[in-house]
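K.L.:
sequence? don't have it. structure:
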């Protein structure tokens, strides 16, 4: 607590620490929540500019929730009627490896179904599922980014996994 | 341990070999492993923390100059202005940066804010790097593929219309009186005298058919991979493309050969004989080569 009184985000050293600690997580969170629709990086920079303008009012311990709230609101304002869409690349097929077209086609079809299924998860399931399975964050790290308990992360990731399987199975 | 607990433990990567075997016996385990493996294909682009922080500081320092007094940013701004003004005197005598791909070559360049551009043969791109922040404009003659850095915006002007970037990958092709734009990801807006269209990923548009957007399935244009492809294109235009790719001159007797016929197919950009054959064969035509001159003749069988 006493540290908060002396340190504030107006000092460059602390401001930059906040950036390095949270910017990437924030980008991933927004991307996983809203998909590939917007200039996510712009929104993050905007949120950090707001943080700088309000630096005297925001102690370092509150910086993260400030940033996530501001950036999330910026996204929501634009996202209202947009559908969540993701980009993918077939990372399991190296470029120079000539695979038979049938296999490639099946892969492609599977990833398309996958994309559809991701979009149908709830935002809570999807952010937890993707931070954990796509970004490779542990349950504990995922819990820290989302500010929820590890139990809640387990529930969301597992729920997401089950739902993914059902949806992929249903798509012809 | 019940089934749910077992699966959650598998998700956390903590199964011992005995539990692993137990997991494999579950009817859904194969699906789950597949879902887990495919997740990697959805990794977002890398987040360049250093670069983005630098950009943020620049942004803040420009705001700062107008506003309140926050010393560290002012210092940075001062150094930056000094560095810029020195750099300006030495390097930027000319105002325009120009990249040219001659016939039979392609050129790669990077725009001031890190977007990558591939220029196809016989194409030209100009922009102004020292006024980039006020005037984010590139002029294109010919064909280019743009891989736009995340969060960046600029406008591509051609003789026939302009394309406004909204963070994305796209191909612009302007040759003679044709303009065609293909959007591979993200969004672009195309504005010409008569129309303006918004393209999203997987859509293409051409002035020839301005009312209708086409869909594309490729991830990037074929010429990046060394092929040129055409769909119902007058063969005269295909010849022009051959001339650009191989730096040759094609002579064809217009009275004997109908060059308005449409060609659908592709040619290799690195093997002239193969390329000529793949264009000419469907018409039952052939060719004679002398140096850089190619004369089209009737097929001999």
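P.N.:
Perfect, thanks for sending it. Not measured: the values here are computed from a predicted model.

K.L.:
close to chain A: what parts of chain B are there?
P.N.:
For chain B, the residues in contact with chain A (CB under 8 Å from any CB of the partner chain) are B:4, B:7-8, B:11-12, B:28, B:31-32, B:34-44, B:47, B:49, B:52-53, B:55-56, B:59-60, B:63, B:70, B:72-73, B:150-151, B:166-167, B:185-186, B:201. For glycine as for every other residue, the C-beta is placed from the backbone atoms N, C-alpha and C.

K.L.:
now the buried members of those residues.
P.N.:
B:7-8, B:11-12, B:31-32, B:35, B:38-39, B:41-44, B:47, B:52-53, B:55-56, B:60, B:70, B:72-73, B:150-151, B:166-167, B:185-186, B:201 (16 or more other CB atoms under 10 Å in any protein chain shown).

K.L.:
what is the burial count for the closest residue to residue B:154 other than its chain neighbours?
P.N.:
Nearest non-adjacent residue to residue B:154, counting by CB to CB, 6 or more residues apart in numbering or on different chains: residue B:136, 3.8 Å away. When counting by other CB atoms under 10 Å in any protein chain shown, one arrives at 18 neighbours for residue B:136.

K.L.:
in the chain, what helix or strand scores lowest on average pLDDT?
P.N.:
Answering for chain A, as no chain was given. When each helix and strand of chain A is scored by mean pLDDT, DSSP states H and E, helix A:2-6 comes last, with a mean of 47.

K.L.:
I was after chain B.
P.N.:
In chain B, no helix or strand scores lower on mean pLDDT, DSSP H and E than helix B:71-91, which sits at a mean of 45.

K.L.:
in chain A, which helix has the most residues?
P.N.:
helix A:12-34 (DSSP state H).

K.L.:
now do it: which elements does it pack against?
P.N.:
Applying 3 or more CB pairs under 8 Å, 6 or more residues apart in numbering or on different chains; DSSP states H and E, we find helix A:12-34 packed against helix A:40-53, helix A:60-79, helix A:123-133, helix A:139-146, helix B:49-66.

K.L.:
save these as TSV, and put in mean pLDDT and distance to residue B:205 too.
P.N.:
Shown next, in TSV, are the helices and strands packed on helix A:12-34 (pLDDT from 0 to 100; distance: least, CB to CB, whole Å):
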stretch	mean pLDDT	distance to residue B:205
helix A:40-53	90	26
helix A:60-79	87	24
helix A:123-133	95	32
helix A:139-146	93	40
helix B:49-66	82	32
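
K.L.:
now the longest helix of chain A: buried residues?
P.N.:
Going by neighbour count (16+ other CB under 10 Å), the buried part of helix A:12-34 is A:12, A:14-15, A:18-19, A:22-34.

K.L.:
before we move on, the earlier item: of the helices and strands packed on helix A:12-34, flag the one that's most buried.
P.N.:
Mean neighbours per residue, mean count of other CB atoms under 10 Å in any protein chain shown, is largest over the helices and strands packed on helix A:12-34 for helix A:123-133, with a mean of 23.

K.L.:
what's in contact with that one?
P.N.:
With contact meaning CB atoms under 8 Å, 6 or more residues apart in numbering or on different chains, helix A:123-133 is reached by A:28-29, A:32-33, A:84, A:118, A:121, A:137-139, A:141-142, A:145-146, A:152-153, A:156-157, A:159-161, A:163-164, B:11, B:35-36, B:39, B:42.

K.L.:
so residue B:164, which of the three states?
P.N.:
Residue B:164 carries the three-state label strand when classified by DSSP: H, G, I helix; E, B strand; the rest coil.

K.L.:
okay if I get the helices and strands packed on helix A:12-34 as TSV plus distance to residue A:107?
P.N.:
Formatted as TSV, the helices and strands packed on helix A:12-34 follow (distance: least, CB to CB, whole Å):
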stretch	distance to residue A:107
helix A:40-53	27
helix A:60-79	30
helix A:123-133	18
helix A:139-146	27
helix B:49-66	32
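
K.L.:
out of those helices, the one nearest residue B:209 is which?
P.N.:
Residue B:209 sits nearest to helix A:60-79 of all these, at 31.3 Å, using CB to CB.

K.L.:
now the helix or strand just after that closest one: buried residues?
P.N.:
Note on helix A:60-79: by DSSP states H and E, the next helix or strand toward the C-terminus is helix A:101-120. Of the residues in helix A:101-120, those with enough neighbours to count as buried (16+ other CB under 10 Å) are A:107, A:110-111, A:113-115, A:117-118.

K.L.:
between these, which is closest to residue B:196?
P.N.:
Minimum separation from residue B:196 among the buried residues of helix A:101-120 (CB to CB) is found for residue A:115, which lies at 28.9 Å.

K.L.:
tally of neighbours for the closest residue to the closest one other than its chain neighbours?
P.N.:
The spatial neighbour of residue A:115 that comes closest, neighbours along the chain excluded (CB to CB, 6+ apart), is residue A:86 at 5.4 Å. Counted with other CB under 10 Å, residues neighbouring residue A:86 total 21.

K.L.:
phi, psi for residue A:86 please.
P.N.:
phi -120, psi 150 (degrees, to the nearest 10).

K.L.:
tell me the strands beside the helix or strand residue B:230 falls within, with direction?
P.N.:
Assigned by DSSP H and E, residue B:230 falls within strand B:227-234. Within its sheet, and counting by DSSP bridges, strand B:227-234 is paired with strand B:262-268 (antiparallel).

K.L.:
okay, buried residues for the partner strand please.
P.N.:
When neighbours are counted by 16+ other CB under 10 Å, the buried residues of strand B:262-268 are found to be B:263, B:266-268.

K.L.:
do stretch B:14-26 as well
P.N.:
B:15, B:22-23.

K.L.:
next one: stretch B:118-137
P.N.:
For stretch B:118-137, the buried set under the neighbour-count rule, 16+ other CB under 10 Å, comprises B:118-128, B:130, B:132, B:136.

K.L.:
hang on, the earlier thing: which residues are in contact with the longest helix of chain A?
P.N.:
So helix A:12-34 is in contact with A:7-9, A:40-41, A:43-44, A:47-48, A:51-52, A:55, A:60, A:63-64, A:67-68, A:71-72, A:75, A:79, A:82, A:84, A:123, A:126-127, A:130-131, A:134-135, A:145-146, B:44, B:47, B:49, B:52-53, B:56, B:72-73, going by CB under 8 Å, 6+ apart.
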